[in-house]
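In: Sequence below, structure please.
(2 chains)
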Amino acid sequence: MHVLDEKALKAKDKKAGLGSDVDLGSFGTEPVSHDYLTKLEELSPKDQKQMILAGVDTTEKGRSGSYVQKDSAVIHAHSKQEGLEVMPIKKALEQYDWVEDYYWKLVSVDTDKYTARAQLDLHDGYVIRALPGSKVIYPVQACLYLEKEGLSQNVHNLIIAEEGSELHIITGCVTAPHLKRGLHVGISEFYVKKNAKLSFTMIHNWAEEMIVRPRSVGRVEEGGLFLNNYICMKPVKSLQMYPTTHLVGKGAVARFYSLMVGSPGSEMDVGGRIFLKAPETRAEIVARAITNGGNIIARGDLVGEVPGIKAHLECRGLILNGGSIHAIPELKGNVDGVEMSHEAAVGKIAQDEILYLMSRGLSEDEATATIVRGFLSVDIPGLPPQLKAEIDRAVEQSDEDMM
Amino acid sequence: MLQVEDLQVKIGDKEILKHIDLEIQIGETHILFGPNGSGKTSLLMTLMGYPQYRVTGGKIFFKGEDITNMPVDERASLGIGMSYQRPPTINGVKTRQMVEICARGGMDAVALAEKVNFTEFLERDINAGFSGGEIKRSELLQLMAQNADLLLFDEPESGVDLENISLVGTTINELLQRDFKINSKKSRKELHEGRTKMGLIITHTGFILDYLTADKGQMLFDGRLTCSSNPREIFQCISEVGYEECIRCTF
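Out: Coordinates of the predicted model:
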């Protein structure tokens, strides 16, 4: 720990390579205490309502485990299924030696001042682990809730799918209705071991003055599958993230899907980077971005390092009503025998599509909404139906805001 | 009834329809003939209300209402429907959804799709990668769901293989209440008199005439309706002497 602290201290003022610089001193890190709840239904109706928007099932019926953190405090963490562990990271670090084998092993603590802060002022975070061979049928849910005005919420998460396991996680980041300004720093490290399957669906519902700086890296071993879905439909002041995944074992697969809506005043710089380091690995990055006044940078980077890999990147942007979309797709093939492609398109809704729908009886507004909803409906193979339903719901919700 | 009076239409600065007069009575179906570029599709698009077809003169009446400046969706609600030749693909919008939009919740998409042999396409994005024949069946499926009173068909037989052409033809017949087999309880006279649907069908090849009956043929040449008579007679004339004859008739 001592070494990590030292490294973090050296990086505590280090600016990030991307995204506007944030004055960390203007956000407090003083822990805020909240009571632990044995059931999520004990949450206030107002909190429940916000969490439901981010995919949380407060009855927990359709979930195999839950982790909820409010500001800096863990208010609920438990697993309902054998073979699944859900625990706060601070407690896990104290109790189990193995946790250190994963902690800061994929993300470098000195990446920038945000990673440094997550080490030096760690509030908490979750460890979710599926034991070898266990199939976690229902999704595990995690929620990081921010209520305290002006707080910097510093979180570190470890997600581990052990050999041959199957794990689905839905995680929602939400703010209380009154909250205006806050900072969320979230470190996530994903380990998908041999022949394991992990799907991770993240729904962000931020507030207009929120700054968000997640830092995440994943590692997928032989025959493993990592599905990473990101949905951000609500306003946010500044969001910058560039999750990275390393495919290190033969036949490993990673797929990143992201759906974003940029509202006026929002700055989003969101990307995905996948390194294909082993034979027969496959990677796909699909992004759909809509702006109605916000500025969106959609990045994608695929790096093919051995022959026989396949990778595809697709980015589509729709400018509805002002704002900008900057698509930056990148492909790097470092050897012979890689198969990599990308397609990117930024534009407006085609008039002939609107008229076609109008000639079937829809009004112009209904036609536009139908096209937008279609644009955001991406088929994600391998995603359980409950999670597909949560994504559809988030999209429906945003539609009402957008139109 | 559809009444078109002295209709003049421009796209940009180019005059494409010149003083068109046309009447389609309740229950009537007309075939629209004409060489490439004569304005056939433009006439249908204008009747449907596409704004890039700018009406510079004349009027269009449908069911007694002046629809000359009516938006597309209101025309659809009033009972005008169109089968497009090259409809756009809309990503993420399923064929099933389109049928439901057309039906306004009124009909069962699967049962309708079975009629045109199209159930396996219901979960596909509309028009995405459809072949010519598949587009036609998809368009007919949507029109069946829409239950329009004036049906505009833009070359319904183009790109359709021989196996499906009779399906397309008989479906159009049915849509226009011209199918005697399924209505065999009524006499031909009763059927004829009870017919309410109106049709305007563009055909290039005339193949469709083997499958359906029509009341009149209209020849559109250089933006003008140049003759109106028996559709088979017009078709025969085109087959024998080509559109050359239109020049003699027009100028």
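In: residues from the stretch 1-150 of chain B in reach of chain A?
Out: Counting by Cβ under 8 Å from any Cβ of the partner chain, the stretch 1-150 of chain B comes close to chain A at B:48-51, B:71-73, B:75-77, B:81-82, B:84, B:87-88, B:90-93, B:97-98, B:101-102, B:104, B:125, B:142, B:146. (C-beta placed from N, C-alpha, C; glycine too.)
In: And for residue 71, the neighbour number?
Out: Going with chain A. By the measure other Cβ atoms under 10 Å in any protein chain shown, the count of residues near A:Asp71 is 21.
In: please go with chain B instead
Out: 15.
In: how about the closest residue to A:Ser26 other than its chain neighbours, what does it touch?
Out: Excluding the flanking residues, the one nearest A:Ser26 by Cβ to Cβ, 6 or more residues apart in numbering or on different chains is A:Gly150, at 7.8 Å. Contacts for A:Gly150 (Cβ atoms under 8 Å, 6 or more residues apart in numbering or on different chains) come out as A:26-28, A:181-182.
In: could you dump those to JSON lines with secondary structure, distance to A:Arg316 and neighbour count?
Out: Shown next, in JSON lines, are the contacts of A:Gly150 (DSSP: H, G, I helix; E, B strand; the rest coil; distance: Cβ to Cβ, whole Å; neighbours: other Cβ atoms under 10 Å in any protein chain shown):
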{"residue": "A:Ser26", "secondary structure": "helix", "distance to A:Arg316": "36", "neighbour count": "11"}
{"residue": "A:Phe27", "secondary structure": "coil", "distance to A:Arg316": "34", "neighbour count": "19"}
{"residue": "A:Gly28", "secondary structure": "strand", "distance to A:Arg316": "39", "neighbour count": "15"}
{"residue": "A:Arg181", "secondary structure": "strand", "distance to A:Arg316": "32", "neighbour count": "16"}
{"residue": "A:Gly182", "secondary structure": "strand", "distance to A:Arg316": "31", "neighbour count": "25"}
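In: any chance of the residues you listed in a markdown table, with pLDDT too?
Out: As requested, the contacts of A:Gly150 are exported to a markdown table (pLDDT from 0 to 100):
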| residue | pLDDT |
| --- | --- |
| A:Ser26 | 93 |
| A:Phe27 | 94 |
| A:Gly28 | 91 |
| A:Arg181 | 93 |
| A:Gly182 | 94 |
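In: Residue 110: neighbour count?
Out: You didn't pick a chain, so chain A it is. When neighbours are defined as other Cβ under 10 Å, A:Asp110 has 18 of them.
In: that's the wrong chain, I meant chain B
Out: Neighbour count for B:Val110, taken as other Cβ under 10 Å: 12.
In: Now do A:His123 against A:His184, distance only.
Out: 11 Å (Cβ to Cβ, to the nearest Å).
In: got any residues that touch both of those two?
Out: Joint contacts of A:His123 and A:His184 (Cβ under 8 Å, 6+ apart) are A:153, A:155.
In: So which elements touch the helix or strand hosting B:Lys18?
Out: Under the criterion of DSSP states H and E, B:Lys18 resides in strand B:14-24. Counting contacts by 3 or more Cβ pairs under 8 Å, 6 or more residues apart in numbering or on different chains; DSSP states H and E, strand B:14-24 packs against strand B:2-11, helix B:40-48, strand B:54-62, strand B:198-202, strand B:224-229.
In: any idea how far A:Val338 is from chain B?
Out: Per Cβ to the nearest Cβ, to the nearest Å, A:Val338 is found 27 Å from chain B.
In: again but with A:Gly293, I slipped
Out: Distance, A:Gly293 to chain B, by Cβ to the nearest Cβ: 22 Å.
In: That's all I had, so thanks and see you.
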